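**Q** Could you work out the structure for the sequence below:
(2 chains)
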Amino acid sequence: MSEETTNSGEPVRVPFMQRVLDNPFILLFIGIVFPTLFYIIWGIMEIVNIPIAP
Amino acid sequence: MSDNQFRICPESGLQFHKPAEMLMRAHAVVAVVILLIGGIAALLVTLTRWPAIHLLPADRFYQLLTMHGTNMLIFWMISFEIAVLYFCSSTLLRCRLATPRIAWLGFALMLIGIIVNNAAVASGTASVMMTSYVPMPANPNFYLGLILFAVGALIGCFVFLATLVVAKDEKTYEGSIPLVTFGALTACIIAVFTIASGAIVLIPTWLWSLGYINHIDAAMYRIVWWALGHSSQQINVAAHVAVWYAIAAIVFGARPLSEKVSRVAFFLYIAFLQLASAHHLLVDPGLSAEWKIFNTSYAMYLAVLASMVHGLTVPGSIEVAQRAKGLTNGLFEWLRKAPWGNPIFSGMFISLIGFGFIGGISGVVMGTEQINIIIHNTIYVPGHFHATVVIGSTLAFMSLTYFLIPTLFRKQVAFPGLAKWQPYLFGIGMSSFTLAMMGAGTLGVERRHWDMAFTNSALGFEYPASAFTLMGIMGISGVVAILGGAIFILVTVVSVFFGKSVESESSYGISATRLMRADPVVVPEGGHGAAGKWGFAAPGTFVLALFFLAIFVLYYAVNWKYLASVWPMS
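**A** Numbering: from 1, shown residues only, chains lettered A, B, ... in the order given. This is a model prediction of the structure:
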């Protein structure tokens, strides 16, 4: 939900970053994808691309 | 859900869900037992690396070093952290723990894993040290124990996440989860990545040790293993920072200077902290400078920035709370008159200073590709991580334990006089230990080496006398720190198993430093800055931060200068 209501019932728009920080599963996704991409996959691609010695 | 499943601690006001409480107790007790085993191994390893004593033969040294590393860096930390996860979810959100039975299954797997792994190491067939680099083989049970433990811990992480869903669904809190719980969530997310990486690397290695797989590539192994080995220490960082915020609130009623900034700092941990695993691979062939520099700079130091934010906001929030109570004279009256006799506070503050000044600065130096070569694979490296993991995480967890003994275990803290001095003995001993290690490492003394004198070695090397002196200081300081650790275990075990029950609000056992929670500080009219000086909400902390920055810049520059001297260009 991008909107919450005040005590008087008026809708208040919740900032995008707060919605991200309030959703543990989006954070879990980011926390797995970033290191998997930048550290593991990038690193493994570099090892895979080392030519095999004749 | 019946109300008799919950109890409210009369002193702290915290609400405990009984199944969660039993699980927290079980994890905490197992963690302390592991700390004892790892601590005994630590003593024997230290007495071997102390050149004047050189206690153990080589095979026994590597066996005990393996036992020390695995128990301390994996089993002690993660067992305690699962207890912290349950505390930060069920207790702080005042809700039931999701799926206690599955949580007990996770606990059982962790316990079996610990026993299986330790039995393999004790048999003398798995002296491969924590890293267990292939193609060096270990008894298959070494890997199996780690895999079982990892699966159990992963279950604990998902129980934590499910409990957050329960709390939101049952509306036990409004708005965002508390900052301390958010810190625990950060630790949990890093743990999921870490444990998944561990499974990816350890399951094939286990099959290889059984003969089902012919070959494991050493370079591939090192990349994926360090996603487990180093990221597991980042779980500790996130967890101990959460503990710092919790203790600031418990002892002082402190509120974060800015919750938004602190949350964003935790977010930077989630995105970038795990990347630092690459600094173990800085001299590995086959990996490009781009990969190394991007990852070891924690994606251009955004996670280091986050640590500096926490290092500023935690003492800053304490200063603001103290100033609001009238301790406004000069820059440091708030710090001078802090409850230094209360082990919850003293341990936490020594943890913060040691983590920042020793562990943090040395970590950035190690993570810089060029100057890393000065100290790569020397005893400087364990010097660094003993500052982060032992002074930073272990001491923070010890401090929290002094709060949990009366609140969670409902026991008085035994030997209050000893408990008062324990953080100083442990923290100062370990600080001296790490600095001596880092000094010896700068002189080239290797890590994981049984005999720095190279007695009867065909290819010997003679270190300067100062290196032997530093290793002697390391040995003496290590024994002092281990004595501090032994006192912690003594106080904890006697309190929990033989201590007097907490019966009234004033029966915490440490009468001079009451362990009850402080009321939240009311922000003065005019905001946080109203009680500060010269336009700063926390001027003392600001001066401390500038001092930290000056030390940081100086040490960084000295290392570049040192690199120039050891690597002359003509």
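**Q** any idea how far chain A is from B:I391?
**A** Per CB to the nearest CB, to the nearest Å, B:I391 is found 25 Å from chain A. The way it works is simple: take the backbone N, C-alpha and C, and place the C-beta from them, glycine included.
**Q** cool, and B:F355?
**A** Distance, B:F355 to chain A, using CB to the nearest CB: 21 Å.
**Q** before we move on, what about B:G341?
**A** 37 Å.
**Q** And B:A191, by the same measure?
**A** Distance from B:A191 to chain A, counting by CB to the nearest CB: 10 Å.
**Q** Doesn't that residue lie inside a helix?
**A** Yes - assignment of B:A191 by DSSP: H, G, I helix; E, B strand; the rest coil places it within a helix.
**Q** Now do it: how many residues are near it, please.
**A** Residues near B:A191, counting by other CB atoms under 10 Å in any protein chain shown, number 28.
**Q** That one touches B:I235, doesn't it?
**A** Yes - between B:A191 and B:I235 there is a contact under CB atoms under 8 Å: 4.7 Å.
**Q** What helices and strands are in contact with the strand or helix carrying B:Q370?
**A** Using DSSP states H and E, B:Q370 maps to helix B:369-375. Helices and strands touching helix B:369-375, by 3 or more CB pairs under 8 Å, 6 or more residues apart in numbering or on different chains; DSSP states H and E, are helix B:289-296, helix B:361-366, helix B:416-442, helix B:539-566.
**Q** do you know which of these lies nearest B:R101?
**A** helix B:416-442 (35.5 Å; CB to CB).
**Q** Give me the buried stretch members for that closest one, please.
**A** Neighbour-count burial for helix B:416-442 flags B:416, B:418-420, B:422-423, B:425-442 (criterion: 16 or more other CB atoms under 10 Å in any protein chain shown).
**Q** Equivalent analysis for stretch B:316-336, please.
**A** The neighbour-count check on stretch B:316-336 (16+ other CB under 10 Å) flags B:316-324, B:327, B:331-335 as buried.
**Q** how about the CA coordinates for it, as PDB?
**A** Output in PDB follows, covering the C-alpha atoms of stretch B:316-336 (Å, rounded to 0.1, in the frame of the first residue of the first chain):
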ATOM      1  CA  GLY B 316      25.300  11.000  20.000                       C
ATOM      2  CA  SER B 317      21.900   9.700  21.200                       C
ATOM      3  CA  ILE B 318      23.500   8.800  24.600                       C
ATOM      4  CA  GLU B 319      24.900  12.400  24.900                       C
ATOM      5  CA  VAL B 320      21.600  13.900  24.000                       C
ATOM      6  CA  ALA B 321      19.900  11.800  26.600                       C
ATOM      7  CA  GLN B 322      22.500  12.700  29.300                       C
ATOM      8  CA  ARG B 323      22.300  16.400  28.400                       C
ATOM      9  CA  ALA B 324      18.500  16.300  28.700                       C
ATOM     10  CA  LYS B 325      19.000  15.000  32.200                       C
ATOM     11  CA  GLY B 326      21.100  18.100  33.100                       C
ATOM     12  CA  LEU B 327      24.600  16.800  32.400                       C
ATOM     13  CA  THR B 328      25.500  19.800  30.200                       C
ATOM     14  CA  ASN B 329      28.800  21.000  31.500                       C
ATOM     15  CA  GLY B 330      31.600  21.100  29.000                       C
ATOM     16  CA  LEU B 331      32.000  18.700  26.200                       C
ATOM     17  CA  PHE B 332      32.200  15.500  28.100                       C
ATOM     18  CA  GLU B 333      30.300  15.700  31.400                       C
ATOM     19  CA  TRP B 334      27.700  13.400  29.900                       C
ATOM     20  CA  LEU B 335      30.400  10.800  29.300                       C
ATOM     21  CA  ARG B 336      32.300  11.200  32.600                       C
END
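**Q** show me the biggest helix of chain A in terms of residues.
**A** Once chain A is assigned using DSSP state H, the helix that runs over the most residues is helix A:24-35.
**Q** pLDDT of whatever helix or strand comes next after that one, averaged?
**A** Moving toward the C-terminus from helix A:24-35, the next helix or strand (DSSP H and E) is helix A:42-48. Averaging pLDDT along helix A:42-48 gives 95.
**Q** For helix A:42-48, name the packing helices and strands.
**A** Counting contacts by 3+ CB pairs under 8 Å, 6+ apart, helix A:42-48 packs against helix B:218-229, helix B:289-296.
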